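Peer 1: Output the structure for:
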Amino acid sequence: MATTTLQPDDPELETVAWDLEPLVEGLGEAGALGLLDDAQARAEAFAQRYAGQVATLDAEGLQTAMHELEKIEDLAGRAATYAGLRFTVDTTDPARGALLQKVEERGTAIQTQMLFFELEWANVEDAHADAVLAAPGLDFCRHYLRTIRRYRPHLLSEPEEKIVTEKALSGRSAWGRLFEELTSTIEVTLPEAAADAPPVALDSALSRLVLPDRELRRATAEAVTEALAPGLRTRAFIFNTLLVDKATEDRLRGYPTWLSARNLANEASDESVEALLAAVRGRYEIARRWYRLKARLLDLPRLADYDRAAAVTQDELTFRFAEARELVLDCYTGFSPKLGNLARRFFDDHWIDAPVRPGKRGGAFCASAVPSVHPYVMLNYTSRRRDVLTMAHELGHGVHFALAARQGIFHQGTPLTLAETASVFAETIVFGRLIEVDQTPASRLALLAENIEGAIATVFRQVAMNRFEEFVHTNRREAGEISVERFGELWADSQEELFGDSVEVTEGYRSWWSYIPHFINTPGYVYAYAYGQLLALSVYQRYRERGPEFVPQYLELLAAGGSRSPQELGAIVDIDLSDPGFWDAGLDLVEGQLQAAEAAAEASGRLAAAS
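Peer 2: All right, here's what the predicted structure looks like:
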């Protein structure tokens, strides 16, 4: 059973480490470098055979070329995944950093050698390209090839593209690695710790913001702010550098807005994304209603930013890793035995790394790796109920990648806008199980509170973070380098727009933008969370309406990967992504979650006591 200690002793958790050797055939670092040797030799032969010839290829010739390109991508992808994941779990190890740098340098050289192919293909005459793509035998790469041609207005010449690619290694890639190393080593001295107690990782400190004791939450938030302070100017310099780097590239490529390149990669128009952002910002009152209600539940006149994650009951349930694993797997199996068996492999075959460790990157993610191997999941498991849902979420990504592996390396992944579908769907199913087995008013209230807070974090907070990105990219382009203080002001402005009068943004919170990796590594990424959450809720609503008969359609959607456009993928599960009312319909579902939490608050009797 779940316990009420914040982080119980959990010896099994400490053993949950991934096995990366299948990526390199058990040969370790030498195996990674050997894969790159093979990829480089194939790339050289590929360039000799096809450079200057792409426009002349018929369907059979293009098919042959794409199969060889697929093999090169697989070899380089194995090596890159091995080095990247090995570094992720210990960013302080110089040997791991050195291997990552070596693999990135060699991978960039291979990529540079292959650049001609996409550039030549993008410039093939439309009539010839359409005729070739209509021929059989290209299912494994057809949508990918069509997508490349959408970039034609924004491509540079081949020499220019080579310069951009090679310079990225010592430019944005290097700055991104530095940011990751800096944030991975941030340690927080807990306010109530003994004088000789070691500091804790940032993720562990942030997990304490659920504590029922407000003074501990406030002191923890202050300790986090203090821990962020020493490297704040360095992280701001990194961000400034990457902001101007992106502005330069957007100008050279002719993108009309700072977000246009991300939208193109997501196969979404600027107009459709703006409609999503406007719809969510227009419904910020949903989040504010919850925060006002939560203040009453906590018997506070108003929440502060460090109160937003606070548990609404006095005891915070925790789950040992094995308990969480079996609960999540049972939910997956109950929905689909096929998914359950696939999810279990992540645990049995060591595809997961779970403990919090010094030097390990924060957060959680799933890496697709390459279709010829399998995905990997990284967690920073701290035993909270929220971590159970995070496990379900990342495994959702994992089974999505695993099912789509049959599509091959060109179509395994989806645009970011659809990438959250399986993860949010899985999280919603596990939440349903938790609420089903715990019927006491206080526990139901706690669960429903976590549910609406998860939706707020994924939909409203991510759009507020997109708003922050819009502010900083625009300011950097119009007014020049942004000071630490100005970053804090823009962060506060974006958060206060979301919170309105429902949450106080404290002075210390103004630096909390500075540990979020998405701003650095993937500009514009965050709105995809809102897109994915609303889409996934709509898919889940179809499941609730249709029951088990919906499961085959859902599995077909996952297995399709990115082999079709987002609109075509949505149609598999009877969702019309072009419907102008789609976003409001999804937001209505979030409002339904809020209403369930409000009803539970009334039923618990807590509001009367707090009034």
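Peer 1: Please name the residues that touch the residue lying closest to V103 once chain neighbours are set aside.
Peer 2: With Cβ to Cβ, 6 or more residues apart in numbering as the criterion, V103 has its nearest non-adjacent residue at 4.0 Å, and that residue is A83. (Glycine included, C-beta is placed from N, CA and C.) Counting by Cβ atoms under 8 Å, 6 or more residues apart in numbering, A83 touches 32, 96, 99-100, 102-104.
Peer 1: quick one, what contacts F365?
Peer 2: F365 touches 377-378, 394, 397, counting by Cβ under 8 Å, 6+ apart.
Peer 1: where exactly do the helices run in the stretch 501-611 of the chain?
Peer 2: 518-521, 527-546, 551-560, 566-572, 582-604, 606-610 (DSSP state H, counting those that start in this stretch).
Peer 1: want to try CSV for those, with distance to E453 and mean pLDDT as columns?
Peer 2: Output for those, formatted as CSV (distance: least, Cβ to Cβ, whole Å; pLDDT from 0 to 100):
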stretch, distance to E453, mean pLDDT
helix 518-521, 19, 93
helix 527-546, 13, 91
helix 551-560, 26, 97
helix 566-572, 27, 93
helix 582-604, 9, 90
helix 606-610, 16, 57
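Peer 1: quick one, which of those helices is nearest to A405?
Peer 2: Minimum separation from A405 across those (Cβ to Cβ) falls at helix 551-560, 9.1 Å.
Peer 1: got the buried residues for the closest one?
Peer 2: 554-555, 557-560 (16 or more other Cβ atoms under 10 Å).
Peer 1: any idea which of those is closest to G605?
Peer 2: Y554 (39.0 Å).
Peer 1: right, and the closest one touches V573 too?
Peer 2: Yes - with contact defined as Cβ atoms under 8 Å, Y554 reaches V573; the gap is 6.3 Å.
Peer 1: circling back: narrow the contacts of A83 to those that are buried.
Peer 2: 32, 96, 99-100, 102-104.
Peer 1: Counting neighbours, which bits of stretch 56-68 end up buried?
Peer 2: 57, 62-63, 65-66.
Peer 1: what comes into contact with it?
Peer 2: For stretch 56-68, contacts defined as Cβ under 8 Å, 6+ apart pick out 42, 46, 50, 54, 117, 132, 135-138, 140-141, 145, 410.
Peer 1: Now do the contacts for the closest residue to R289 other than its chain neighbours.
Peer 2: Sequence neighbours aside, L594 is the residue nearest to R289 in space, at 6.1 Å (criterion: Cβ to Cβ, 6+ apart). Applying Cβ under 8 Å, 6+ apart, we find L594 in contact with 286, 289-290, 452.
Peer 1: could the buried residues of stretch 56-68 go into CSV alongside distance to I482?
Peer 2: Formatted as CSV, the buried residues of stretch 56-68 follow (distance: Cβ to Cβ, whole Å):
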residue, distance to I482
L57, 47
L62, 46
Q63, 49
A65, 45
M66, 43
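Peer 1: ok now the host helix or strand of W290, how far from the chain's centre?
Peer 2: For W290, the enclosing helix or strand under DSSP states H and E is helix 285-297. Chain-centre distance of helix 285-297: 26 Å, with Cα atoms, centre = their mean, to the nearest Å.
Peer 1: Flag the shaky bits of the stretch 101-250 of the chain, pLDDT-wise.
Peer 2: Filtered on pLDDT under 70, the stretch 101-250 of the chain yields the residue ranges 194-195.
Peer 1: just the helices in it please.
Peer 2: Going by DSSP H, counting those that start in this stretch, the stretch 101-250 of the chain shows helices at 126-133, 142-149, 158-170, 172-184, 202-207, 214-228, 232-253.
Peer 1: for A95, phi and psi?
Peer 2: A95 has phi and psi values of phi -70, psi -40 when expressed as degrees, to the nearest 10.
Peer 1: That one: how many residues sit nearby?
Peer 2: Other residues near A95 come to 11 when the count uses other Cβ atoms under 10 Å.
Peer 1: same thing with T248?
Peer 2: Number of residues near T248 (other Cβ under 10 Å) recorded here: 12.
Peer 1: mind checking how far it is from D38?
Peer 2: 35 Å (Cβ to Cβ, to the nearest Å).
Peer 1: List the contacts of A600.
Peer 2: A600 is in contact with 441, 444-445, 448-449, counting by Cβ under 8 Å, 6+ apart.
Peer 1: try 6 Å
Peer 2: Counting by Cβ atoms under 6 Å, 6 or more residues apart in numbering, A600 makes contact with 444-445, 448.
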